[in-house]
Every structure is written in C-alpha cells, then in structure tokens.
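Colleague: sequence and predicted structure below; questions after.
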Amino acid sequence: LAGCAKIETTEVPEGRVISFDNYVSNAVKSIDTEKYLTDFYVFGKANSGSDVIFDNVLVKKNGENWETEVTRYWNETKTDYKFAAYSNDNAKIDGASLEYAEGALKIQNYNQANADDAKKDLIIGLTDKVTYSGADYTDGTLSGPVQLSFYHALSCVKFVFTKDATLNGVDLTLSNVSFTACSTATLNVPQSQQTRGESQLSSTVWTGHTTPAVSYFCDSLSASVITGTTTDNSVTPQEETFFLIPQYNNGADHDLQMTFTLTWPTDALYGEGTGDNTESKIYTVDLKSNKSEWRPGYRYIYTATINAENLDLVPIEFDVQEIQGWNDPEDNSGDITVQN
C-alpha cells in the first residue's frame, strides 16, 4: 500500500515528499483491513518536538495511493522526526495531539456519548524516531513512505441472541435492548506501550474513565425477531456490534449490565389454540469477561441462547410408572387333548 502524495510543485523532486504507508493489524464491519480504511489523520514533529510538521492533517486514499492534504518535505537539517496517526472510523477527532517527549498519541476525553459514537472503530499508529539523511537524496535514492502499523484502540463487543430446540420453533421478539458502560476516557499511547507483531495495546493506555452511567440503546436488536427452527438449522440469530472504551466490566463501581425484553406467542407453546396471545419478560444480565475487563484490540462475544426455562415454561412431561404383568385365569384346567 505504499504511495506517494500527488505533487503540484515541480521544483522539489517527488522522492522528498513525506508520505505514508499503512497496515491494519489484528482485524476484528470495523476497519478490518485496508479496504475499509479510506482516511486517517497524522501528526508529526521534529527537532525534539520544537518543529511541527503535521498537525491533525488528513491522509486520504486515492486509488492505490495515499495523498496527504497538506504536503510537507523532508529536511536534512531536522532531526528525530516522530509521527502518530489515527482514524476514528475514517473521521477526525479535534482533541487529539502528539506528545513528543513520550512519542505519544494522546486523545483527551475520548467521548462515546451515544450508540452512534460507539459504532466507530478507533485505530491508532505510531512510529519510532525517523531521521532523514540528505545524503540519500543527493545520491538519488528516493525516500520511502513512513511505515504505519495501526492497532485497534477500542474493544469490540458483540451481542448475539438465538434460541434452542425447546421452544418448538416459535418466533421470539426482542425489544428495549440496552446496556451500560462508561462513555468517556483519555487515550495516551507512548511509543513504548505500542507493541509489534500480533500483540495488542496495553490496557493502561486508557485512563480517567467515567462511571458506567451511560445506557446504550441497541437499535437493530430492539426491532428484531429470532425466527427459524433448530431441526433444519434455519434459526437466524440477531446480533449487534459496538466498539467500546476498554474498561473493567464488573466490580463495586463498574458493574456493566444489559437489559432486554422477550415476547413470545403463548398458544403455540401452551396448546390453547391458534390465537395471537403473547407473554413478555424483562431480563437483566451481567456483562463480565474472564479477566473482568474489556481490553484494547480484543473482541468479546456475548451469546444469549434462549430456552424454555428462560421463559419460565414448565413442560408437560410423562413417566411410565409400570407395565402390568400377565395374569393367569383362576381355572387353568382347560387342557387340550390331542387325538391321533
């Protein structure tokens, strides 16, 4: 995905443009691969942070190339370039900055005030120090693009609702599906905290969490019906995905919970006819994980498989007490004489 920015100024050779290359690691729709990444925003500083090169500047995909909205050029008199980039589901964040001393990308009070905000996949990338050598340019060697590896800074949390064979294939209607989570925290990713390869960001890059007072409403789940039967494998699970600030998900101050309502037809289960009678029940469940936290770059799948017991249905069952044995008649003298 290497690409040089389009150059309008012909006096400066194209090989001296500061351009960018990217790779999205550990795919978790989210920005799974480069296919879904169309825009990211970049910061750059040099000379121990005294010189600003880029300040939240758009880098946009154009065909196979990445074009930087504001063109900057390598300068052999500048040392220790550092770059940081992010994409908030291909959108810009006004509160982001590059903290040069730590080589850190910082997003102050990243806010997910509603469910739409929690649908945005935030990815970030940092570089080590980069020093441009003027000799390379003099010798005619083109300077390559800055290599950026992007990491998912949020946790992917997926909710799945399905049913089992005990419900005789009846349709279940979901409504009023919502869950609690903290909505605001600060992201601060020093270069030392960013790992390489298949690893993810450390949980410590997120601090200053608010209490989990925000309730997120699941739009698609709250207007869905679980249909089909298990006998022919036609059950269609209903699901919805969010990208949430990594956080503890149980404990005294941060119990995260989901509530939802299930409605089902009674006649098909009670044998009372073919009417349209229904019953409903409200449920509250805990959202916990094995390590009691949602970590950056990890996907958590919560699957609710609804069965008859969940609906407080008591099946009519049968048991065989005994099978009566054969009785002999009182007068058992009815012998049969066989004649020749």
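Modeller: Received the coordinates, thanks.
Colleague: helix, strand or coil: sort out residue 166 for me.
Modeller: Of the three states, residue 166 takes helix according to DSSP: H, G, I helix; E, B strand; the rest coil.
Colleague: which residue packs closest to it, ignoring adjacent ones?
Modeller: Spatial nearest neighbour of residue 166, excluding adjacent residues (Cβ to Cβ, 6 or more residues apart in numbering): residue 308 at 3.9 Å. (Each C-beta comes from the backbone N, C-alpha and C, glycine too.)
Colleague: you'd agree that neighbour is in a helix?
Modeller: No: per three-state DSSP, residue 308 lies outside any helix segment and is coil.
Colleague: helices of the stretch 201-340 of the chain, start to end?
Modeller: 267-270 (DSSP state H, counting those that start in this stretch).
Colleague: wait, what's in contact with residue 210?
Modeller: By Cβ atoms under 8 Å, 6 or more residues apart in numbering, residue 210 lies in contact with 182-185.
Colleague: which of these lies closest to residue 99?
Modeller: residue 185 (16.6 Å; Cβ to Cβ).
Colleague: now do the strand or helix carrying that closest one: which elements does it pack against?
Modeller: Under the criterion of DSSP states H and E, residue 185 resides in strand 184-189. Judged by 3 or more Cβ pairs under 8 Å, 6 or more residues apart in numbering; DSSP states H and E, strand 184-189 is in contact with strand 104-111, strand 122-126, strand 206-207.
Colleague: buried sites along the first one?
Modeller: Buried residues in strand 104-111, defined by neighbour count with 16 or more other Cβ atoms under 10 Å: 104-108, 110-111.
Colleague: could I get these as JSON lines with distance to residue 264 and pLDDT?
Modeller: Formatted as JSON lines, the buried residues of strand 104-111 follow (distance: Cβ to Cβ, whole Å; pLDDT from 0 to 100):
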{"residue": "104", "distance to residue 264": "52", "pLDDT": "85"}
{"residue": "105", "distance to residue 264": "49", "pLDDT": "92"}
{"residue": "106", "distance to residue 264": "49", "pLDDT": "94"}
{"residue": "107", "distance to residue 264": "44", "pLDDT": "95"}
{"residue": "108", "distance to residue 264": "47", "pLDDT": "94"}
{"residue": "110", "distance to residue 264": "40", "pLDDT": "95"}
{"residue": "111", "distance to residue 264": "38", "pLDDT": "94"}
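Colleague: next up, the contacts around the closest residue to residue 191 other than its chain neighbours.
Modeller: Spatial nearest neighbour of residue 191, chain neighbours left out: residue 103 (3.5 Å); criterion: Cβ to Cβ, 6+ apart. Taking Cβ under 8 Å, 6+ apart, we find residue 103 in contact with 82, 84, 126, 128-129, 190-192.
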